[in-house]
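S.K.: predicted coordinates and the sequence they were generated for:
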Amino acid sequence: MTVICWFRRVLRLDDHQALVAAARAGAVIPLVILDPAEARDHPASAQRQAMALPALEAALRRHRSRLIVRRGDPAAVLEALARETGATEIHATEGFPFASDHGLKAAAERRGAALHLHPTADLVPRGSVRTGSGGVYKVFTPFWKALRQTAIADPLPVPSLRLPEAWPDSDGTDWPEARAAMDRGWDVMAGHVDAGEDAAHDRLEAFLSGDIAGYKPDRDLPWKPRATSGLSDALAVGEISARRIWARCRGDFEQGIPGIEPFLSELCWREFARELMAEAPDLGRSPWRKEWSDFPWRRDNDDAEAWRRGRTGVPIVDAGMRELYATGRMHNRVRMIAGSYLTKHLLTDWRVGLDWFARCLTDWDAASNAMNWQWVAGCGPDASPFFRIFNPETQAEKFDAKSRYRDHWMRPDATGAREFGAAIPRSWDIDLTKRALPRISLPEGRARALSAYEEMK
């Protein structure tokens, strides 16, 4: 029996539940679908996935298998491939957030194939960490304490793969729609990506053997990138699973090795976000706290466009926005500063920021992106109160005292600034030698935000 395993944002062989199930069922055709709609909506994430495919292809070859890549609408691709191969089953990871299957089941059944959707290899199945009353945790700390007491399954090993009698054609690993959407940014961002399942495991080992002890005090320093694991994009595209990271760290956690607990708690923040999005699938569009629905945030505006282009006149904010556009990443502390500045000083709707991050992040994750934006805007569960407004200048003095991070991205002759200039669309027409003027003074922006907050109350 021939079965299809759709590698749906799970670009690895290790701890792959759909692959294990497919291998038990019959001869496996590994499939990746490059959806033009995904390239349009999440181009940086699409590029990151595309860059992972050669490594996935090589890993499958080591198991005498192949990777079949098709471009197009997923439902149409699955129907066509089931027809070509006579596959009787299709195994895939369930979509996230937990939306409908977008016609996938019907498309498979039209060709006599049964579609089996398997859970993601998160730390725990959704809904298994609940309060005493059976509800979802709305505050992270008790969720983290409860999860620590929950049994976490061991990662699944790579299965033996039986081969089909014949292989269908493949479109190849290039993703032209993503390349077109990224435009000049493709080559710049490619220099900041270390793709592949093996590379993700190597990064984890290097982090745990070298910099983990300094994780808690150093993780807020944007000029010190090795203070963090650098695994967020690998997690987002499924080159490594959360369960594999937990299993690797479990022994060190039980021994109390410095840095392990705060590192794992950050891994569980991702879990917390997914739990909340399972409870509220519209987390990315509607405020968790409904009383915030009428807050007078401005929709998209000229200030927001200046923010997107790194032209706010606030160096730490502009440096972060330049890092985002050139690399597909932004340091977590700077994300908080940039998000606070947009939603509070510029009084702009958090969804404007969420949409831009969804386009630009290589580590884009629907739940984490929504949770983090609602957190910084003050309208989400366990959110930072709106009246706690980050002062970008004092934040920069505290976490970038010698201006190493800001200089890297803002000084015209610095590597980061040149990379940003090479990545941006020519239509932006930015003169990197000229600093932007502030859109609003920090005291005025703070006062305006607090006034709006008082009026809402």
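M.R.: That came in fine, so what should we check first? Residues are numbered from 1 along each chain as shown.
S.K.: quick one: the helices in the stretch 301-450 of the chain, in order.
M.R.: Per DSSP state H, counting those that start in this stretch, the stretch 301-450 of the chain carries helices over the ranges 302-308, 315-327, 332-340, 350-360, 366-377, 392-399, 404-410, 415-423, 442-456.
S.K.: quick check: residue 203 vs residue 123, distance?
M.R.: Going from residue 203 to residue 123 by CB to CB, to the nearest Å gives 19 Å. C-beta coordinates here come from the backbone N, C-alpha and C atoms, glycine included.
S.K.: coming back round to it: of the helices of the stretch 301-450 of the chain, which is nearest residue 229?
M.R.: Nearest of the helices of the stretch 301-450 of the chain to residue 229, taken as CB to CB: helix 332-340 at 11.5 Å.
S.K.: ok, back up a step: dump the helices of the stretch 301-450 of the chain to a markdown table, plus mean pLDDT.
M.R.: What follows is the helices of the stretch 301-450 of the chain, written out as a markdown table (pLDDT from 0 to 100):
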| stretch | mean pLDDT |
| --- | --- |
| helix 302-308 | 98 |
| helix 315-327 | 98 |
| helix 332-340 | 97 |
| helix 350-360 | 98 |
| helix 366-377 | 96 |
| helix 392-399 | 98 |
| helix 404-410 | 98 |
| helix 415-423 | 98 |
| helix 442-456 | 96 |
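S.K.: what's the most buried one of these?
M.R.: Most buried of the helices of the stretch 301-450 of the chain, by mean neighbour count (mean count of other CB atoms under 10 Å): helix 315-327, with a mean of 26.
S.K.: whichever strand in the chain runs longest pairs with which strands, parallel or anti?
M.R.: Counting residues, the longest strand found in the chain (DSSP state E) is strand 27-34. If you go by DSSP bridges, strand 27-34 pairs up with strand 2-6 (parallel), strand 68-71 (parallel).
S.K.: and for the last one, what are the contacting residues?
M.R.: Yep, that's strand 68-71 we're talking about. 29-36, 53, 77, 80-81, 167-173, 175-177 (CB atoms under 8 Å, 6 or more residues apart in numbering).
S.K.: got the buried residues for it?
M.R.: 68-71 (16 or more other CB atoms under 10 Å).
S.K.: OK, contacts around the residue of the chain most remote from its centre?
M.R.: In the chain, counting by CA atoms, centre = their mean, residue 165 sits farthest out from the average C-alpha position, at 37.4 Å. The contact partners of residue 165, taken as CB under 8 Å, 6+ apart, are 2, 27.
S.K.: still on that earlier bit, to residue 111, which of the strands paired with strand 27-34 lies closest?
M.R.: In terms of CB to CB, the element of those nearest to residue 111 is strand 2-6, at 10.5 Å.
S.K.: state the mean pLDDT of that closest one.
M.R.: Across strand 2-6, the average pLDDT comes to 98.
S.K.: any idea how far the following helix or strand past it is from the chain center?
M.R.: Using DSSP states H and E, the next helix or strand after strand 2-6 towards the C-terminus is helix 17-25. Offset of helix 17-25 from its chain centre (CA atoms, centre = their mean, to the nearest Å): 26 Å.
S.K.: contacts for helix 17-25?
M.R.: Looking at what lies outside helix 17-25 - CB under 8 Å, 6+ apart - the contacts are 1, 3-8, 10, 13, 28, 30, 89, 91-93, 116, 118-119, 121, 156, 158-162.
S.K.: ok, stretch 334-342 next?
M.R.: For stretch 334-342, contacts defined as CB under 8 Å, 6+ apart pick out 222, 304, 307, 312, 314, 316-317, 319-321, 323, 330, 348, 350, 352-353, 372-373, 376-377, 384, 389-390, 392, 395-396, 405, 445.
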